[in-house]
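Participant: for reference, the sequence and a predicted model appear below.
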Amino acid sequence: MEWNPQNLQTLSDCFFNTLSPLPEPRHQAEAILSDFSQKPNYGLAVLRLVAEPNVADQIRQAASVNFKNHLKVRWAPAPNSDEPSIMDAEKEQIKALIVSLMLNATPKIQGQLSEALVLIGKHDFPRLWPTLLPELIASLQKASQAGDYASINGILGTANSIFKKFRYEYKTNDLLLDLKYCLDNFAAPLLEIFLKTANLIDAAANAGGGDSAALKPLFESQRLCCRIFYSLNFQELPEFFEDHMNEWMNEQRKYLATSYPALESSPDGLALVDELRAAVCENINLYMEKNEEEFQAYLNGFALAVWNLLTSVSQASSRDQLAVTAIKFLTTVSTSVHHNLFAGDGVIPQICQGIVIPNVRLRDEDEELFDMNYIEFIRRDMEGSDLDTRRRIACELLKGIATNYKQQVTNLVSVQIQNLLSSFATNPSVNWKDKDCAIYLVVSLATKKAGGTSVSTDLVDVQSFFGSVIVPELQSQNVNGYPMLKAESNVVHSYAASCIEKLLLVKDECGTARYTSVDISPVLLQLMNNLFEALQFPESEENQYVMKCIMRVLGVADISREIAGPCITGLTLILNKACENPKNPVFNHYVFESVAVLVKRACGKDASLISIFETNLFPSIQKILVEDVQEFYPYALQLLAQLVELNRPPIPQSYMQVFPMLLSPESWRKASNVPALVRLLQAFLQKAPHELNQEGRLRQVLEIFNKLLSARSTDEQGFYVLNTVVESLDFNVIAPYIGQIWSALFTVLQSRQTGKFIKSLLIFMSLFLVKHGSTNLVDSMNGIQANLFLVILGQFWISNLRLITGVIETKLTAVASTRLLCESQSLLDAAAVEQWGKMLNSIVTLVSRTEQDRVEEDPEMPDIAENAGYSATFVRLHNAGKSEDDPLKDIRDAKEFLVTSLARLSALSPGRYPQIISQYVEPANQAELLRLCNSYNCQIV
């Protein structure tokens, strides 16, 4: 795309229209930009537009976002992506421009360009972008001399993002070489700007506190320096930082021990100071964990500073991050060899009274969150993310101290728990928070025994505590006894639902479920009514915990007609309401899973219920498909597939109305719909194969196969379609098309010899053989090109057979390969003895060795079922999943089939095959073959 006034204007107009509230000009502009993005130098043209001072800010900002997203997709496309990569020449020009443009941009555009720079750096830095760091350092020094902290913080922010990879990537030689390069170049300039900024902060503090506006960029600069310090020190202690530890540690301790009234007097200023202090706590915690010996000289000073800081940090939620990181540091110290810091008289009681109890007690903010945002309250309190809450980390501190001072902690906390319960007993309505605190301490400090089947604690007798403290509350008829502790609220009924859901997952030590349908049956109707009623509470209409419990109960309970009817009615009403405005993807996923499990278990038990489910679900499914409710489209298709599979042929005519949509090319354009469309197409192919052979439908199916095959991201789905066609239709039906199928497959094979594609091809050829015979397989392939079968056999089948995984797939390919050996004249010919011997060698490897021994991990096979949310991804319904059908149910054991087939074959030509085996089969496989023959009482003569 050339850079000229005309293209500048066109791009400007397009980006302006992308901001339009009207859908038509917005969609038109997006389509034009999408077409432009396919052209060379598009990214460079957009970057130049961002730099044009005469273009309106909103257009430049929209262009900067587009530029970043363009780089995200095109700079280094994923291996299975069909997106073209940006040309190297364009990349070099972008890298030459982006740093200076970022530093001179307005703050919002600077943020986008910084993200774009980091995206490039993730792939190219440092080896393919050796000029980046020198350019950043030169810009940093220039900005430092000018005192330009806007530019300084922009550079440090970018460096911080680039260096973050040293925190989370595996420690490899390549990573350490990259780290050394960054340390050699950046460690000294980083310390220089850190000390210079520290002097400016000290000067302001000594001059009476300083000006808040002038201090803010200085504190942000120090915070960024500390985050870069963390990244550069994460893998191991660098020599430069060890040599200059004194400067770094003295300055960092100062920020924990010094107050800055000019900033701390305002909420945003205090937040900035706290962020710097939290970054310092992260750094010293890192040193405590990884460089304990070198850090020892500074430990006492930091421990005292952190202790004093914690005694002064208020309970305000805005200061949570600082409190959590500070307590985390003390926790690390408590489990180290320097735990004797806690051994002094009165230290542990002070920690318990001054740090633990205040941070475990519920605060006003917690009560407000309980009432106003129950989902966030639960997320923090129940789901494991609460390690970053004060309550959780305070208990972790107690656990840490108990590592070396268990008896002291146990005695102290036991007394504390009893005092809290006594306080509650004296005035329950006022002191209910004391009981909550006591329960939280018991639960948090309890430990799971091996296997996770029971819990224990030295603080209390668990059974006695449960009986005296918990059970009376559960049995009391007053459901609104105390605020939070027991109340008719969204949090409490969510916890109750979650408790039931988790109980149904509990397994005894032998692995069997502790609670079954027998336990649920007496209360099932009441339980389901209560669960559906809980969804009527205000703001609980999309309660994911309640819906997950409904799903779990339906998966365990004995589903009768009396239960199935009200449940499908209730779920359909919820589904229809969610269709109007899908908001909570987790809740909606559990709705569809609940429907799927109800259909599976109820119809599996009583086939007459299928029509009832169809009557209830068809209007909802039709609404989703007709109104194109994209969030639910894949779910609806999976439910349809499930219902198709439950029917006995002939399929009701109502299902056949779906065919035009299913076979329309338009339906297959959206990638997230493809797996579900394939799933539905497979169901129709299996249940209504004759209908597919009418009105040109099979030709349309094969056109879909071709489209799926053409893209790396969907070729596996194409094989699913093709496998079902071959498995479901007679050979005379597919014979007119088989030449086109082979041509399509082998054309792709020439350019895409990936492990995934070759394995899929082997499985397809094997399925073709076992369904339609080796003669049809060989002759149809040779019909494309003379002797093509032997070429494919030699280059792909024999060498890749060992890579097949999966029980059914392994059995299928082993049996098909054995039949080739023993039936195909192409292989039985005297000229093919080498291929015959090598094929046998591969079969023995396949059937005798474990997958771990013969298959290396394949990084190119993503699990599409692991995605969640409303992004452009497919989410599989577990309960509507396709059952894996074994196409060889009559063959029990592939090993037995191999040796009995070989024995029969060798009996026809005694003496021929032992010689071939000794020449072409590996010695280890020869021994294994002999063992198999002995095991199945067969002989190769």
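Facilitator: It's in.

Participant: distance-wise, check residue 720 relative to residue 679.
Facilitator: From residue 720 across to residue 679, the span is 8 Å (C-beta to C-beta, to the nearest Å). (Glycine included, C-beta is placed from N, CA and C.)

Participant: give me the more crowded residue out of the two.
Facilitator: Between residue 720 and residue 679, counted using other C-beta atoms under 10 Å, residue 679 has the larger neighbour count: 25 against 20.

Participant: what's next to stretch 762-781, contact-wise?
Facilitator: For stretch 762-781, the external contacting residues (C-beta atoms under 8 Å, 6 or more residues apart in numbering) are 719, 722-723, 726-727, 731, 735, 738-739, 742, 745, 788-789, 792, 796-797, 800-801, 804, 809, 812-813, 815-817, 819-820, 823-824, 826, 887-888.

Participant: which of the residues you listed are buried? Put it as a ChimeraX command.
Facilitator: In ChimeraX syntax, the buried subset of the contacts of stretch 762-781 is picked out as below (16 or more other C-beta atoms under 10 Å):
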select :719,722,723,726,727,738,742,745,788,789,792,796,797,800,801,804,809,812,813,815,816,817,819,820,823,824,826,887,888
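
Participant: show me which residues of the helix or strand containing residue 704 are buried.
Facilitator: Assessed by DSSP states H and E, residue 704 sits inside helix 697-710. Buried residues in helix 697-710, counting neighbours by 16+ other C-beta under 10 Å, are found at 697, 698, 700, 701, 702, 704, 705, 706, 708, 709.

Participant: what's next to that helix, contact-wise?
Facilitator: 659, 663, 665, 668, 674, 678, 681, 685, 691-692, 714-715, 717-719, 721-722, 725, 729, 733-734, 737, 740-741, 744-745, 748.

Participant: now, those residues that are in strands?
Facilitator: Among the contacts of helix 697-710, no member falls in strands (DSSP state E).

Participant: mind giving me the ChimeraX select for the residues you listed, buried ones only?
Facilitator: Command for ChimeraX that selects the buried part of the contacts of helix 697-710, burial taken from 16+ other C-beta under 10 Å:
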select :659,663,668,674,678,681,685,691,692,714,715,717,718,719,721,722,725,729,734,737,741,744,745,748
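
Participant: tell me the helix or strand right after the top helix by length along the chain.
Facilitator: If you go by DSSP state H, the chain has its longest helix at helix 173-206. Under the assignment DSSP H and E, the closest C-terminal helix or strand after helix 173-206 is helix 212-233.

Participant: and the longest helix of the chain, how far out from the chain middle?
Facilitator: The chain centroid and the centroid of helix 173-206 are separated by 35 Å under C-alpha atoms, centre = their mean, to the nearest Å.

Participant: so which elements touch it?
Facilitator: helix 132-146, helix 149-163, helix 165-168, helix 212-233, helix 239-243, helix 245-257 (3 or more C-beta pairs under 8 Å, 6 or more residues apart in numbering; DSSP states H and E).

Participant: mind running it again at 10 Å?
Facilitator: helix 132-146, helix 149-163, helix 165-168, helix 212-233, helix 239-243, helix 245-257, helix 261-264 (3 or more C-beta pairs under 10 Å, 6 or more residues apart in numbering; DSSP states H and E).

Participant: present these as CSV; the columns should include mean pLDDT and mean neighbour count.
Facilitator: CSV is the format used below for the helices and strands packed on helix 173-206 (pLDDT from 0 to 100; neighbours: other C-beta atoms under 10 Å):
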stretch, mean pLDDT, mean neighbour count
helix 132-146, 96, 17
helix 149-163, 94, 22
helix 165-168, 92, 15
helix 212-233, 96, 21
helix 239-243, 96, 14
helix 245-257, 96, 18
helix 261-264, 92, 18
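
Participant: okay, those in JSON lines with distance to residue 623 next?
Facilitator: As requested, these are exported to JSON lines (distance: least, C-beta to C-beta, whole Å):
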{"stretch": "helix 132-146", "distance to residue 623": "53"}
{"stretch": "helix 149-163", "distance to residue 623": "45"}
{"stretch": "helix 165-168", "distance to residue 623": "44"}
{"stretch": "helix 212-233", "distance to residue 623": "50"}
{"stretch": "helix 239-243", "distance to residue 623": "62"}
{"stretch": "helix 245-257", "distance to residue 623": "59"}
{"stretch": "helix 261-264", "distance to residue 623": "56"}
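
Participant: nearest to residue 189, out of those?
Facilitator: helix 132-146 (5.2 Å; C-beta to C-beta).

Participant: ok and that closest one relative to helix 212-233, angle-wise?
Facilitator: Counting by axes from the mean of the first three to the mean of the last three C-alpha atoms, to 10 degrees, helix 132-146 lies at 150 degrees to helix 212-233.

Participant: so for the helix holding residue 704, mean pLDDT?
Facilitator: Mean pLDDT, helix 697-710: 91.

Participant: and it, how far out from the chain middle?
Facilitator: Put simply, helix 697-710 sits 31 Å off its chain's centre (C-alpha atoms, centre = their mean).

Participant: again with stretch 761-774
Facilitator: From the chain centre to the centre of stretch 761-774 is a distance of 35 Å (C-alpha atoms, centre = their mean).

Participant: would you mark the buried spots in that stretch?
Facilitator: Residues 761-772, 774 are the ones in stretch 761-774 that count as buried (16+ other C-beta under 10 Å).

Participant: nearest to residue 407, of those?
Facilitator: Closest to residue 407 out of the buried residues of stretch 761-774 is residue 763 (62.6 Å), distances taken as C-beta to C-beta.

Participant: helix or strand: which one has the closest one?
Facilitator: Residue 763 belongs to helix 755-772, assigned by DSSP H and E.

Participant: return that helix as PDB; C-alpha atoms alone will do.
Facilitator: Extracted in PDB, the C-alpha atoms of helix 755-772 (Å, rounded to 0.1, in the frame of the first residue of the first chain):
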ATOM      1  CA  GLY A 755       2.100 -34.400  11.800                       C
ATOM      2  CA  LYS A 756      -1.500 -33.600  12.500                       C
ATOM      3  CA  PHE A 757      -2.500 -33.700   8.800                       C
ATOM      4  CA  ILE A 758      -0.600 -36.900   8.000                       C
ATOM      5  CA  LYS A 759      -2.100 -38.700  11.100                       C
ATOM      6  CA  SER A 760      -5.600 -37.600  10.000                       C
ATOM      7  CA  LEU A 761      -4.900 -38.900   6.500                       C
ATOM      8  CA  LEU A 762      -3.700 -42.200   7.800                       C
ATOM      9  CA  ILE A 763      -6.800 -42.600   9.900                       C
ATOM     10  CA  PHE A 764      -9.000 -41.700   6.900                       C
ATOM     11  CA  MET A 765      -7.300 -44.200   4.600                       C
ATOM     12  CA  SER A 766      -7.500 -46.900   7.300                       C
ATOM     13  CA  LEU A 767     -11.200 -46.300   7.800                       C
ATOM     14  CA  PHE A 768     -11.800 -46.400   4.000                       C
ATOM     15  CA  LEU A 769     -10.000 -49.700   3.800                       C
ATOM     16  CA  VAL A 770     -11.900 -51.400   6.600                       C
ATOM     17  CA  LYS A 771     -15.300 -50.100   5.300                       C
ATOM     18  CA  HIS A 772     -14.800 -50.600   1.500                       C
END
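
Participant: and for residue 884, the neighbour number?
Facilitator: Using other C-beta under 10 Å, residue 884 has 9 neighbouring residues.

Participant: out of everything not next to it in sequence, what's closest to residue 849?
Facilitator: Closest residue to residue 849 apart from its sequence neighbours, by C-beta to C-beta, 6 or more residues apart in numbering: residue 802 at 7.7 Å.

Participant: from residue 814, how far out is that neighbour?
Facilitator: Counting by C-beta to C-beta, the gap from residue 802 to residue 814 is 11 Å.

Participant: which residues do the two both contact?
Facilitator: Common neighbours of residue 802 and residue 814, using C-beta atoms under 10 Å, 6 or more residues apart in numbering, are 842, 843, 844, 846.
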